[in-house]
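Trainee: Have a look; sequence and predicted model below, questions after that.
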Amino acid sequence: MINFDNAATSKLDEAVKEKYISYLNMDLLNPSSPHLGGYNVFKMLAEARFDTLKLLNLENTHQLIFTSGATEANNLAIQGVVLKYRNRGKHLITTSIEHPSVLNVFRHLEKDLGFEVSYLSPNEEGIITLEELKKHVKKETFFVSIMAINNETGAINPIEEMATFLKNFPTIFFHVDIAQAIGHLNLDYSHVDLLSFSAHKIHGLKGSGALIYRKNTTFSPLFYGGEQEASFRSGTEDVEKDLLLPLTIENVFHSFSKEHNRIKEMHDALYDGLVKLDRYIKLNSSKDGSSFIINFSLKKLRASVLVEALSNRGIYVSTSSACSAKKSKMSYVIYAMFKDTFRAENSIRLSLGYDNKVEDIDIFLNTLKELLERLSL
Ligand code: PMP
């Protein structure tokens, strides 16, 4: 089997798996309990929080809420802050190519709660430029959410430049969804106010992630209860998963420093091989995007036909993103870039992971060529 669908989820790290089992065997108590057993777990969680922040160089400026993943972190960051600070203004900014866990929150704030939302457009490389952001910031703007790397195309947005620019507007919160960037790109997040990610995209456990926020930010909670996580996220903590977050990040950072050149070489070989198939496909990603994601559209064939044919040969790829692939035939990300319905309906995403092998590339390209020649007749 060749898995080129690593952006949907990634293989669990062996060390994380082992440690998870050892935590389960420890019968950890409730960190809110008033006795020593509870306090010990509370302390372990505080250390995991600090270690996670330290790995991102944010331990002096930011704090962390453990969540069930990026979807919850995105919801809490956007709804939680926008509702809490609604007296600051009425205008919000996001992009038309965000993950649904961001885009649908803004649609709700716009349609149901009367906020004005600007949806920034990507250029033909899928990038949201700093100029595009500058055009839309106005006096009433108080919240901006822009992803670091797009999950369908791998386009990298200029987050550091945007954060520096937004520093000129001290009443604006800047949120960045780093679900596809963490462990895949080195970025300085010190000027970003809110960051969301999921552990399972970086070889950690599903149902685990975090929202990192600048110190002293407060939130309107998504749900009320026992006031865990600084009262912003009630409910008994998923202690074992939360404790594993620093190890997960440490290990993916290690993979990044050791293996990134190899991934980049594989990515470039894949890209060059796809360029040669231009009779059948159009590339939707640029070569200098993320080394982990390449997107292309079929010129004549339906994407679903190719995904199934590849799957029958043991090669797993995706149409658009896993979250949208089953629901809509059209990728709104590819549509936003090219305004071409057939291209948006027939896009394929290849996403690499640290466990892919160099040999996979030739096998994939040869199989793809053979299928395209046969099926496109
Ligand atoms: N943001 C981005 C950019 C993603 O790729 C994903 C996962 N597809 C999410 C958010 C949501 O992550 P999860 O499903 O783990 O909550």
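Mentor: Looks like it arrived, so ask away. Numbering: from 1, shown residues only.

Trainee: on contacts alone, who are the packing partners of the longest helix seen in the chain?
Mentor: Ranked by residue count, the top helix of the chain under DSSP state H comes out as helix 245-275. Using 3 or more CB pairs under 8 Å, 6 or more residues apart in numbering; DSSP states H and E as the contact test, the elements touching helix 245-275 are helix 14-25, helix 36-55, strand 281-283, strand 293-298, helix 358-375. Just so you know, the C-beta spots here come from the backbone N, C-alpha and C atoms, and that holds for glycine as well.

Trainee: Quickly compare the ones you listed and say which is most buried.
Mentor: strand 293-298 (a mean of 25; mean count of other CB atoms under 10 Å).

Trainee: Name the residues of the following helix or strand past that one that are buried.
Mentor: Once the chain leaves strand 293-298, the next helix or strand it forms, by DSSP states H and E, is helix 303-312. Of the residues in helix 303-312, those buried under the neighbour-count criterion (16 or more other CB atoms under 10 Å) are Ala303, Leu306, Val307, Ala309, Leu310.

Trainee: which one among these gets closest to Ile182?
Mentor: Nearest to Ile182 among the buried residues of helix 303-312 is Val307, at 27.0 Å by CB to CB.

Trainee: Check the closest one and give its pLDDT.
Mentor: Val307 carries a pLDDT value of 97.

Trainee: now do Lys329
Mentor: Lys329 is assigned 77 on the pLDDT scale.

Trainee: who's in contact with it?
Mentor: Lys329 makes contact with Glu345 under the criterion CB atoms under 8 Å, 6 or more residues apart in numbering.

Trainee: gap between it and Ser285?
Mentor: Using CB to CB, to the nearest Å, one gets 20 Å for the distance from Lys329 to Ser285.

Trainee: Equivalent analysis for Asp112, please.
Mentor: Relative to Ser285, Asp112 is positioned 35 Å away (CB to CB).

Trainee: And Ile263, by the same measure?
Mentor: According to CB to CB, Ile263 stands 14 Å off from Ser285.

Trainee: Determine how far the longest helix of the chain lies from the middle of the whole chain.
Mentor: Per CA atoms, centre = their mean, to the nearest Å, the displacement of helix 245-275 from the mean C-alpha position of its chain is 16 Å.

Trainee: what does stretch 359-376 give?
Mentor: Its chain's average C-alpha position is 29 Å from that of stretch 359-376, according to CA atoms, centre = their mean.

Trainee: where in this structure is pLDDT low?
Mentor: Judged against pLDDT under 70, the low-scoring parts of the chain cover residues 321-328, 377.
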